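Colleague: coords below, sequence missing:
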């Protein structure tokens, strides 16, 4: 998919090779974490990117009537960046194992 000649405007280019989702106890309750193993299309190595699922209550802005919201606040689930230490591996599985190891250090016992 990545072609250096066609995509020369990109300084980095990654493909999601494998993803896992785990549920762990963080901050006193269960949290869903997603970790993607990313393959660098330039170097061929694997790193990871992690996200945590958050529940947010948001007030939709539109539609409005006479300055009043017509819709009530709604609950949304979104994936937010979750900071795990950087990993480098020669395989997707190896990268995921290392990232899960870092996550294990943060789990509430």
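Modeller: Everything's here; your move. Computed from a prediction, not measured in an experiment: that's the story for all the values here. Numbering: from 1, shown residues only.
Colleague: got a pLDDT number for residue 67?
Modeller: The model reports residue 67 with a pLDDT of 81.
Colleague: so how many other residues sit close to it?
Modeller: For residue 67, the count of nearby residues is 5 (other CB atoms under 10 Å). In short, each C-beta sits where N, CA and C put it, glycine included.
Colleague: Report the buried residues of the helix or strand hosting residue 52.
Modeller: Assigned by DSSP states H and E, residue 52 belongs to strand 46-58. Within strand 46-58, the residues scored as buried using 16 or more other CB atoms under 10 Å are 46, 47, 48, 49, 50, 51, 52.
Colleague: how far does the next helix-or-strand element following that strand sit from the chain's center?
Modeller: Counting by DSSP H and E, the next helix or strand C-terminal to strand 46-58 is strand 64-65. Distance, stretch centre to chain centre, for strand 64-65: 35 Å (CA atoms, centre = their mean, to the nearest Å).
Colleague: Does anything pack onto the helix or strand following strand 64-65? Which helices or strands?
Modeller: Note on strand 64-65: by DSSP H and E, the next helix or strand toward the C-terminus is strand 68-69. Using 3 or more CB pairs under 8 Å, 6 or more residues apart in numbering; DSSP states H and E, no helix or strand is in contact with strand 68-69.
Colleague: now strand 68-69: how far from the chain's centre is it?
Modeller: Relative to its parent chain, strand 68-69 has a centroid offset of 33 Å by CA atoms, centre = their mean.
Colleague: What strands line up against it, and which way round?
Modeller: Its sheet considered, strand 68-69 pairs with strand 64-65 (antiparallel) by DSSP bridges.
Colleague: List the contacts of residue 17.
Modeller: 37, 38, 39, 46, 92 (CB atoms under 8 Å, 6 or more residues apart in numbering).
Colleague: Same list, those, but as TSV with pLDDT and secondary structure please.
Modeller: As requested, the contacts of residue 17 are exported to TSV (pLDDT from 0 to 100; DSSP: H, G, I helix; E, B strand; the rest coil):
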residue	pLDDT	secondary structure
37	98	strand
38	98	strand
39	97	strand
46	98	strand
92	98	helix
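Colleague: circling back to that earlier point, how far is the strand holding residue 52 from where the chain is centred?
Modeller: Centre-to-centre, strand 46-58 and its host chain are 4 Å apart (CA atoms, centre = their mean).
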